[in-house]
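Novice: Take a look and give me a structure for this.
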Amino acid sequence: MLSTFSGLPRTAWIIFAGTVVNRLGYVVTPFLVFYLGSRGIPTEQTPYVLGALGAGNLIGPMVGGLLADRVGRRPTMLAGLVGTALAQGMLFAAPNVVTLALAAVFLSAAGAMVGPAAGALLTDAVTAERRRAAFSLFHWAVNIGTAAAGILGGFLATHGYWLLFAMDAATSLAYALIVVALLPGGRGGAAQTTDSGSGTGYGVVFRDPLMRALLPLFGIGLVIYSLTEVCLPLAIRDHGLPATTLGLMATLNAILVVLLQPVAMNVLARLPQIPVFVGASVITATGIALTGVAHDVWTYGGTVVLWSIGEAMVGGIPGAIIASLAPADARGRYQGSYQWTWGVARFAALAVGTTVYAAVGPAAVWWFSAVAGIAAALGVGLLAPMIARRTAAPEPETTPEPAAATA
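Specialist: This is a model prediction of the structure:
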């Protein structure tokens with residue numbers, strides 16, 4: 001089952017291990033509403049803190065991508081991880097809503113800095129033909145850690161919310177130690193290419209016609225996926241089902257993706273990645289859209305199974321595509337722009353998705369998921385020839401590491 005990941009370099013496995021450790025501590029955000037309630041924060045003030053958390057997810061990826069290219073991959077990861085640990089303490093100790101919101105911005109921004117730098121380092125370490133496997137391994141690590149964190153967080157919360165903050169800070173610092181001890185230093189691709197014309201900011205991304213086309217298409221798919229976090233709970237509530245139903249659906253999704261992603265990668269590895277992405281995205285959009293006809297635990301479970309299969313099939317394909325398009329000295333900014341799109345998508349799903357669900361009706365949300373999701377997937381498919389032409393040339397500036405002996 002793991003044969004597809006064999007031969008990946010040591011750096012890929014270190015990032016995998018560190019990401020699993022770090023995501024094991026992803027226990028504060030899912031329980032933040034409950035923590036704020038335990039602090040006596042009024043319900044009408046809770047959105048200020050949650051909104052600040054979302055704002056940080058728009059800041060962190062852009063800062064992290066820029067620093068990864070200009071300062072270096074490892075220093076940026078360390079800044080994000082240590083900053084996350086500090087922000088956890090600030091959030092726990094914040095005395096009022098204003099300081100809670102400021103700490104929430106710092107927390108999410110620091111945490112979001114890590115991904116672009118890790119993605120750039122992963123790109124530096126592997127050859128072009130192995131990037132799909134490397135980014136799928138990275139994506140799998142996120143799912144493994146998050147699935148375990150969901151179980152761990154519930155246990156810790158019953159024994160005191162302070163344990164959630166301590167756990168999140170400890171795992172961030174543990175990943176920082178892994179980075180210091182095991183990951184290579186240097187500036188990666190930025191140090192290898194001295195005059196590519198990419199500049200110092202994000203102009204290199206926005207001048208790229210393929211990125212201008214791909215990011216909105218990826219963004220539509222990410223908005224639709226984010227509706228599972230925002231509108232699925234509303235649908236379950238509206239059918240009079242207990243809150244435990246939502247927990248069951250989240251557990252089902254986590255288990256399926258963790259178990260199926262390496263299987264899907266192994267089965268689909270010989271197929272071109274863009275047709276796989278298109279097919280998987282259509283399955284995901286269809287599964288989410290079918291939420292509109294679900295009405296009990298079994299039918300909701302059926303829709304979750306369908307879109308979880310699509311999620312497992314997609315794996316790390318978008319990250320691998322972005323990595324292959326990036327100039328060597330702009331890999332951090334390309335990864336940062338993609339992860340910024342993730343932040344925008346989640347923010348849009350929260351702000352717009354819930355408004356449309358309440359004001360227009362659930363059917364509008366689920367029909368949008370079907371029509372826009374399938375259209376966006378087909379749009380990416382239409383770009384396949386352009387992507388193939390861009391990524392066909394060899395990349396002499398990348399010096400991949402040898403494969404890890406134990407992989």
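
Novice: contacts and neighbour counts: CA atoms only from here.
Specialist: Fine.

Novice: Tell me who's in contact with Val258.
Specialist: Taking CA atoms under 8 Å, 6 or more residues apart in numbering as the criterion, Val258 is in contact with Trp140, Asn143, Ile144, Ala147, Ala312.

Novice: What are the phi and psi values at it?
Specialist: The main-chain torsion angles of Val258 are listed as degrees, to the nearest 10 and equal phi -60, psi -40.

Novice: Quick check, Trp367 in contact with Thr291.
Specialist: No - Trp367 sits out of contact with Thr291 when judged by CA atoms under 8 Å, with a separation of 10.1 Å.

Novice: burial measure for the residue nearest to Gly379 when sequence neighbours are not counted, as a count.
Specialist: Closest residue to Gly379 apart from its sequence neighbours, by CA to CA, 6 or more residues apart in numbering: Leu217 at 7.0 Å. Here the neighbour count serves as a burial measure; for Leu217 (other CA atoms under 10 Å) it reads 19.

Novice: what's the helix or strand for Leu217?
Specialist: Under the criterion DSSP states H and E, the helix or strand holding Leu217 is helix 209-238.

Novice: Tell me how far that helix lies from the chain's centre.
Specialist: The offset between the C-alpha centroid of helix 209-238 and the centroid of the whole chain comes to 12 Å, using CA atoms, centre = their mean, to the nearest Å.

Novice: quick one: contacts of stretch 274-281?
Specialist: Stretch 274-281 is touched from outside by 221, 268, 309-311, 313-314, 317, 373-374, 377-378, 380-381, 384, with contacts defined as CA under 8 Å, 6+ apart.

Novice: tell me the average confidence for it?
Specialist: The average pLDDT for stretch 274-281 rounds to 96.

Novice: So which bits of that stretch are buried?
Specialist: Of the residues in stretch 274-281, those buried by neighbour count under the rule 16 or more other CA atoms under 10 Å are Ile274, Val276, Phe277, Val278, Gly279, Ala280, Ser281.

Novice: Now, those that are in strands?
Specialist: For the buried residues of stretch 274-281, not one is inside strands, with DSSP state E as the criterion.

Novice: which ones among the residues you listed are found in helices?
Specialist: The helices in this structure, assigned by DSSP state H, contain Ile274, Val276, Phe277, Val278, Gly279, Ala280, Ser281 from the buried residues of stretch 274-281.

Novice: hmm, who's touching stretch 64-77?
Specialist: Contacts with stretch 64-77, where a contact means CA under 8 Å, 6+ apart, come from 80, 112-118, 120-121, 176, 179-180, 183-190, 200-202, 329-337.

Novice: buried subset of these?
Specialist: Applying 16+ other CA under 10 Å to those, the neighbour count classes 80, 112-118, 120-121, 176, 179, 183, 187-190, 202, 329-337 as buried.

Novice: Tell me the pLDDT of the residue nearest to Gly379.
Specialist: Confidence score, pLDDT, at Leu217: 97.

Novice: and after the helix or strand bottoming out on mean pLDDT in the chain, which helix or strand comes next?
Specialist: Ranked by mean pLDDT, DSSP states H and E, the weakest helix or strand in the chain is helix 189-192, scoring a mean of 52. On the C-terminal side of helix 189-192, the closest following helix or strand by DSSP H and E is helix 203-206.

Novice: Contacts only, for Ala104.
Specialist: When the contact criterion is CA under 8 Å, 6+ apart, the partners of Ala104 are Val49, Leu50, Ala52, Leu53, Gly56, Ala87, Leu91.
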